[in-house]
Each structure stands twice: as structure tokens, then as C-alpha cells.
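Asker: Below is the sequence, then the predicted model.
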Amino acid sequence: MALSSVPEQPVVVDGRRLTCEHVRRVARDQAPVRVHPDGVARARAAYEAVRAVQVEQPVYGRTTGVGANRSVEVTEPAHGLRLLRSHAGGAGPLLDAARTRAMLLVRLNQLAAGGSGVDPAMLDVLAEVLNRGLVPPVRTFGSIGTGDLTALASVALCLIGEAPWQYGSLEPYRLDPADALAFISSNAATVGEAALSLADARELLYASIVIAALAFLAVDGNPEPYAEAVHEARPHPGQQAVAARLRELLADQPIKPARIQDPFSYRAVPQVHGPAIDAAIHLERVLAIEMNSAGENPLVDARHRRVLHNGNFHTAYLGLALDAMRVALFQTSALSAARLSTLMEPEFTGQRPFLAAGPEGSSGLMILEYVAQSALAHLRQHAAPAALATAVVSRGVEEHATFSSQAARNTSEAVYAYRVVLSCELVATVRALRMRGLTPAPGALREAYELADAALSPVTTDRSLDEDLDQAARVLPQLAGL
């Protein structure tokens, strides 16, 4: 996979300041990376410390076996290579390039945080892999939330030349077999996918408020539910933020409420969308810690020249935050689908059913309700908490699992479905505004309307709406930027 256009500003990897947006830039836009000297220094300190410690005491995975073999002393140098070969046993379809690149970036940053004991030369090697667009063949199934061992073992085999890259090639890296477990003992694949999903979800959450405000205009909504006093009376942060944004968007608009009280899909937008905003903020905090920490087992404490065996491989924080994010996405997505239904009703728009035009009995946008409900069902299916499951493996020694890897995958699916629901609402909203001859007053809503109006076909006779939905999906990031 050749890098077609490289942004001028690289993402600096120092083990301390990686963000979800950085992950998206590198994974999706192929932004280059540069390793900061501080990250190399931390990695080197851990590297030197663990080599001094392992000659004095057992170190899990370096001088012992792993899992239920933790008490088995290992002296053969090739043990680390056998570990990589035996753990690179994933199954299912290959991860796409973006999720794989996200994993590589997160693991690089974790190594720069110090604590793994891996040779610091590995940092430059991973940076080169990212900058050259190399993609290792990583399978979908293999992790249960206690370390993405199969994924990272597959990466390691590519690095040492035992497995082919999907795209391009690299001079084999001479990995010290003692570093094998230290390299693969990470949840980088799970964290990377979660970071991508959050970056996408956050964008959609912002776009959704803009679309809801446009739909509000299309049905002559009542703005009382967004009044500041209402939300001061019950001051949840996300609720207040959403209400404030709606007031800002609707300021100076010629509003003539048609009802004393609107349906919940308009009246309760702050109360339903606010929790999704709060869930996204919480997930971002969790991911910031996960991406910028040395969550290693064992952890090399270079400062005190010791090795600490621990449970930082356990991702309960991340799994629970992802579960909460998906449930909140379902709630606000259901509200979007409900607004879509109001736009099909003459009672709310004053137009024909389904915003149809042409001969009597025309279907108009009828099918969009089916599409939205199909996407909503997909979202609901993937919103079930992954944390409700666990597993006992490795002869009972590892007796708990978070399934955060499944939570991250489900979140990707949920975000995909949410995008479809919002696209349906946007297509219907723009048509309703056009048919009513309504153009928002100057400001952010006018900009939003003009962006969508320019992208969506003006043809109202019955026809395929596939391209309309695709175009609407492309506009969503621009609406979020407003």
C-alpha cells in the first residue's frame, strides 16, 4: 500500500501525548510518525534495567514459560521465537489496513512510555513500518481482552521475516527472543480500534445536534425544552452542553412553534443525546490513559531497577467505557429514527405523506424509515454489554476476561450503523425544508443546510435513494466541523 500523499506535520510519538485524533490521522490519512527522543530514552532505561534483573531473579516470559507454564524455567534462547510462532494463531478475516495501522501506532507509543524492556531499536522499526505503509496480516479473532497476543505475535513474525507483509517488504529485524513476550503483551489492537471508533463517533455526535436543529425547523418545533433554566434545574454536563448548542444553533431563527409540546424526539434531545456526549468524554479519558501508559506485564520499573508482575493487561476500564458508549449511541440513534418518522407525517410538515411528489400514491422517502430501522437493529444487536461475559483459560490460571476486544469491534459496528441512521434523517430533513420553502437564517444552520443542499439531489420523484444516503454520509464530517 503506497502512501499517496504525506501530510507535512508528523505525529510525534513520545509515550505521553497520543490522542484518538492522532490515531485516526495515522491510521486513515497515512500521516507520518516521528519518535521523540524522550520515548527512546524511557525505552532504553527499561531495556537496561530488565537485563540486569533477569540474571538475578525469574522474570515472566523471559526466563519462564507463560500462562499455566509460568513456573517452568526456560533457558533455551529460542523459547521466545517458539512463543511468537505458537501465539500467532488468529482466525477469521484479516483486519483492514486502518485498524492494523492503529494497532501499530498504539503499540509504538506504549513502548515509548517505557516499562516493556523491549530493545529501544524497535521504536524506529515500528515507525518505519508505519511510514512505509506496511501492513501485517492480522486476523480478527484471537483476543479476549487480556492482551492482543495473536495480533501482535503476527506482527512480530513479519518483523523478523518469518511471515510476509500484506503490502511491501522490510529488511528482517533481529528481535532478541527474550523480548518476544514483552512485545506482544499489550492490548494495542483493541485500544487502536477503540480510538478510531471514538474519533468517528464523536464526529457523528456533533453532526447529530446540527441535524436535529434542522429537523426542528422543518417541523416548527417548540424551543422551550432547550431553555437554560430547564437544564440548570437538572445540570448534567452533557445535557447542558447539548441544550446550549441547540440554543446557539437556533438563535435568530424565525421560530413559530406549532405545538405546546413536541414529541420526545425533539423535546428530549438534550436528555438523550447528552449522555452520549458524556460517554464519549469518559471513553476519551480512558483511552488517553490506555494509549499513553506502560500497561505491561511484567512491568519494568527502570527507576528502581525492578520488575513487577501485575494485572495491567486487564482492560475492565476500557471494556466498560466502550459498553456505555454503545448503549448511549443506541439511545440517541433511536431518537434520530423517531425524528425521521415525524418528517414522514403531514401533521408535522404540512406536506404529503413521506414527503412524496408526483402521482398520488408515490412513496417518496418511505423506504428511509426501513433503512434507518434496519441500521438501528444492527446497532441494538451490537450494543449488548460485552462485559456480561467472561472466560477461564490456560488450565484455570487465567480465570477472568473482559472481552474488551469484542466491545471495541462492536463499537465499530455501532458507529457504522449510527452513521446510516443520521444520513437518513439528514436526507429527509433537507427535503422537508426544500418542500416547505424554508431556508435557515444566516449562521451555522444556514451553512449546514447549504452544505447538505449542495450535496443532495433536488429530484423529488420516486427513485433510488442509495446515492443520496452516500452523499449525506459524506457531508456529516462537515456538519460536525460547524
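Answerer: All right, it came through fine.

Asker: Output the longest helix belonging to this protein.
Answerer: helix 404-436 (DSSP state H).

Asker: how about stretch 449-459: buried residues?
Answerer: Y449, L451, A452, A455, L456 (16 or more other CB atoms under 10 Å). Every C-beta, even on glycine, is put in place using the N, C-alpha and C of the backbone.

Asker: quick one: contacts of that stretch?
Answerer: 214, 426-427, 429-431, 433-434, 439-440, 467-468, 471-472, 474-475, 478-479 (CB atoms under 8 Å, 6 or more residues apart in numbering).

Asker: Now restrict those residues to buried residues only.
Answerer: When neighbours are counted using 16+ other CB under 10 Å, the contacts of stretch 449-459 contain these buried positions: 214, 426-427, 429-431, 433-434, 440, 468, 471-472, 475, 478-479.

Asker: Return the member of the residues you listed nearest to E76.
Answerer: Taking CB to CB as the measure, E76 lies nearest Q478 of the buried ones among the contacts of stretch 449-459, at 58.1 Å.

Asker: Next up, the contacts around D301.
Answerer: Shown in contact with D301 (CB under 8 Å, 6+ apart): A49, G115, V307, L308.

Asker: Only whichever of those residues are buried, select them in PyMOL.
Answerer: Typed into PyMOL, the next command selects the buried ones out of the contacts of D301 (criterion: 16+ other CB under 10 Å):
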select buried, resi 49+115+307
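
Asker: In strands, which of the contacts of D301 fall?
Answerer: Among these, the residues falling in strands (DSSP state E) are V307, L308.

Asker: Which of the contacts of D301 sits closest to L94?
Answerer: Of the contacts of D301, the one sitting nearest to L94 (CB to CB) turns out to be G115, at 29.7 Å.

Asker: burial count for A178?
Answerer: Around A178 there are 21 other residues, counting by other CB atoms under 10 Å.

Asker: Please tell me how far it sits from V72.
Answerer: A178 sits 16 Å away from V72, going by CB to CB, to the nearest Å.

Asker: just checking, what packs against the helix or strand of the chain with the lowest mean pLDDT?
Answerer: Least confident helix or strand of the chain, by mean pLDDT, DSSP states H and E, is helix 79-87 with a mean of 92. Secondary-structure packing of helix 79-87 (3 or more CB pairs under 8 Å, 6 or more residues apart in numbering; DSSP states H and E): helix 149-159, helix 180-184.

Asker: Okay, angle between that helix and helix 149-159 too, please.
Answerer: Between helix 79-87 and helix 149-159, the angle comes out at 120 degrees (axes from the mean of the first three to the mean of the last three CA atoms, to 10 degrees).

Asker: who touches helix 79-87?
Answerer: Under the criterion CB under 8 Å, 6+ apart, residues 61, 65-66, 149-150, 153, 156-157, 160, 162, 175-181, 184 lie in contact with helix 79-87.

Asker: And stretch 14-25, by the same measure?
Answerer: Outside stretch 14-25, the residues that touch it by CB under 8 Å, 6+ apart are 7, 11, 31, 35-36, 38-39, 42, 102, 105-106, 109-114, 192, 195-196, 198-200, 202, 284, 287-288, 291-292, 294.

Asker: average pLDDT across it?
Answerer: On average, the pLDDT along stretch 14-25 is 97.

Asker: mind listing what's buried in that stretch?
Answerer: D14, G15, R16, L18, T19, C20, H22, V23, R24, R25.

Asker: ok, so of the residues you listed, who is nearest H231?
Answerer: C20 (27.3 Å).
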